[in-house]
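*Asks:* Next come a sequence and a model predicted from it.
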Amino acid sequence: MPPVPVQVPAQVVDEGSGRKAAIRAALLDWYDVHRRTLAWRAGPGDGRPDPYRVWLSEVMLQQTTTPHATPYFLAFTARWPTVSDLAAAGDAEVMAAWAGLGYYARARNLLACARAVAGQHGGVFPDTEAGLLALPGVGAYTAAAVAAIAFGRPANVVDGNVERVMARLFAVETPLPGAKPEHKRLAGALVGEDRPGDWAQALMDLGATVCRPGRPLCERCPLTSWCAGFQSGQPERFPLKAKKAERPRRHGVAWVLRDADGHVALVQRPGKGLLGGMLGLPTSDWAATPAEAAPPAPATWRDAGAVEHVFTHFALTLEVRAGEGVGPFVWTPVEEALASLPTVFRKALERGLT
């Protein structure tokens, strides 16, 4: 029998009951003491943060951990301190600086959005969710986050951390991903006019540091008095997750070609598709079954082994061939290539150099 979605308790929605106010007060009091210090976050008493920094951080943090994103954020804001500076940057510069963050469509969307803000809005971000949503590459989550954090709008900001808090707070029995609309509705019932940016960040901080994946630190949580998951005795059971389908595997060949000066041959990938617009090693198509493919240039090729890489929707095995030759490529110093290539190509290049 399928699980029945949890119903939002009336007292959560009803402002007059005091339950919503009590939950909000407890979490905001906790946040005032325990807020994380993050590179893009305004400190207590600093006022609202720069919308550019909020937007940039939110784009970088999608599918990426805070420790991994932070050095990229610092490098980007040092090199391009305003959205207009970023808008004026070349595509190749930005794509190279993004290398290693993954999900490279985000980098293309980042540039498109920056150029729209600079060219159509005078370098000033719209201050409403609707205005932000109209920007290229800005989705519902990012628009809500920027509206709440940068502009103090009472927006419903729901990321993975917030979903986990809602699943446990209300003991949601519907498994993910089907539970996402329910989590969003539950979170929306708790949004208020008071301190919307702090509220959004407080929920995210609680999920990241206390109501964390695996074993939550309930002894440190300010919301246990209202938490159905805690009261069940099994808060770690939530959120429920549907069984994942096995990730398919693809196969391909990558060629590490070097010239007499030791430079490595790179190619510009098509603008659309996986790793679109990035520089990469010459490769064959990535297919479901292994197949030998014609190399990109004449050379005495040697087998350099294989590398494995996991993308969102498939796993990849790349056989690596190495050789020396010439051809119409983007010849790049090895150290520069290692620093700027997407992770899958960096792995292959490292393998081909051994």
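*Replies:* Arrived safely. Numbering: from 1, shown residues only.
*Asks:* from here on, contacts and neighbour counts on C-alpha atoms
*Replies:* Fine.
*Asks:* Name the residues that touch stretch 111-121?
*Replies:* Residues outside stretch 111-121 that contact it (Cα atoms under 8 Å, 6 or more residues apart in numbering) are 83-84, 86-88, 91, 94, 123-125, 135-138.
*Asks:* May I see the PyMOL selection of the buried members of those residues?
*Replies:* One line in PyMOL is enough to select the buried ones among these; burial here means 16 or more other Cα atoms under 10 Å:
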select buried, resi 83+84+86+87+91+94+123+124+125+135+136+137+138
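*Asks:* Out of the contacts of stretch 111-121, flag the one nearest to residue 239.
*Replies:* residue 138 (26.8 Å; Cα to Cα).
*Asks:* the bottom helix or strand of the chain by mean pLDDT?
*Replies:* helix 10-13 (a mean of 46; mean pLDDT, DSSP states H and E).
*Asks:* just checking, next helix/strand downstream of it?
*Replies:* helix 19-34 (DSSP states H and E).
*Asks:* contact partners of the helix or strand just after that following helix?
*Replies:* In the C-terminal direction, the helix or strand that comes right after helix 19-34 (DSSP H and E) is helix 51-61. For helix 51-61, the external contacting residues (Cα under 8 Å, 6+ apart) are 40-41, 69, 73, 77, 82-83, 101, 106, 110, 125, 142, 145-146, 149-151.
*Asks:* re earlier: looking at the contacts of stretch 111-121, which is nearest residue 187?
*Replies:* Distance to residue 187 across the contacts of stretch 111-121 (Cα to Cα) is lowest for residue 138, with 20.7 Å.
*Asks:* Confirm the closest one sits in a helix?
*Replies:* No: counting by DSSP: H, G, I helix; E, B strand; the rest coil, residue 138 falls outside a helix, being coil.
*Asks:* From residue 105, how far off is it?
*Replies:* 12 Å (Cα to Cα, to the nearest Å).
*Asks:* Repeat that for residue 116.
*Replies:* 17 Å.
*Asks:* now residue 254
*Replies:* Relative to residue 105, and taking Cα to Cα, residue 254 is found at 22 Å.
*Asks:* neighbour count winner among those two?
*Replies:* residue 254 (28 against 17; other Cα atoms under 10 Å).
*Asks:* can you pull up the bridge partners for the more buried one?
*Replies:* When bridges are called by DSSP bridges, residue 254 pairs up with residue 283, residue 320.
*Asks:* Quick one, which of the contacts of helix 51-61 are buried?
*Replies:* Among the contacts of helix 51-61, those classed as buried by neighbour count (16+ other Cα under 10 Å) are 40-41, 69, 73, 77, 82-83, 101, 106, 110, 125, 142, 145-146, 149-151.
*Asks:* Just those residues: which are in helices?
*Replies:* 69, 73, 77, 83, 106, 110, 142, 145-146, 149-151 (DSSP state H).
*Asks:* Would you format these as TSV with pLDDT and distance to residue 183 included?
*Replies:* Putting those into TSV (pLDDT from 0 to 100; distance: Cα to Cα, whole Å) gives the following:
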residue	pLDDT	distance to residue 183
69	95	26
73	97	29
77	98	33
83	98	33
106	87	25
110	95	28
142	97	17
145	98	16
146	98	20
149	97	20
150	97	23
151	97	24
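*Asks:* Wait, residue 96 touches residue 340, no?
*Replies:* Yes: assessed by Cα atoms under 8 Å, residue 96 is found in contact with residue 340 at 4.9 Å.
*Asks:* Quick check: the residue lying closest to residue 43 once chain neighbours are set aside vs residue 44, distance?
*Replies:* Once flanking residues are discounted, residue 43 sits nearest to residue 37: 7.4 Å by Cα to Cα, 6 or more residues apart in numbering. Per Cα to Cα, residue 37 is found 10 Å from residue 44.
*Asks:* Okay, now the sheet partners of the helix or strand hosting residue 309, with direction.
*Replies:* Applying DSSP H and E as the criterion places residue 309 in strand 302-310. Using DSSP bridges, the strands paired with strand 302-310 are strand 315-324 (antiparallel).
*Asks:* The partner strand: how far from the chain's middle?
*Replies:* Put simply, strand 315-324 sits 28 Å off its chain's centre (Cα atoms, centre = their mean, to the nearest Å).
*Asks:* Need the contact partners of that strand.
*Replies:* Contacting residues not belonging to strand 315-324 are listed as 247-260, 286, 299-310, 348, 351-353 [Cα under 8 Å, 6+ apart].
*Asks:* for the stretch 101-250 of the chain, what spans make up the helices?
*Replies:* All helices of the stretch 101-250 of the chain, identified by DSSP state H, counting those that start in this stretch, fall at 105-120, 129-133, 140-151, 160-169, 180-189, 196-209, 228-232.
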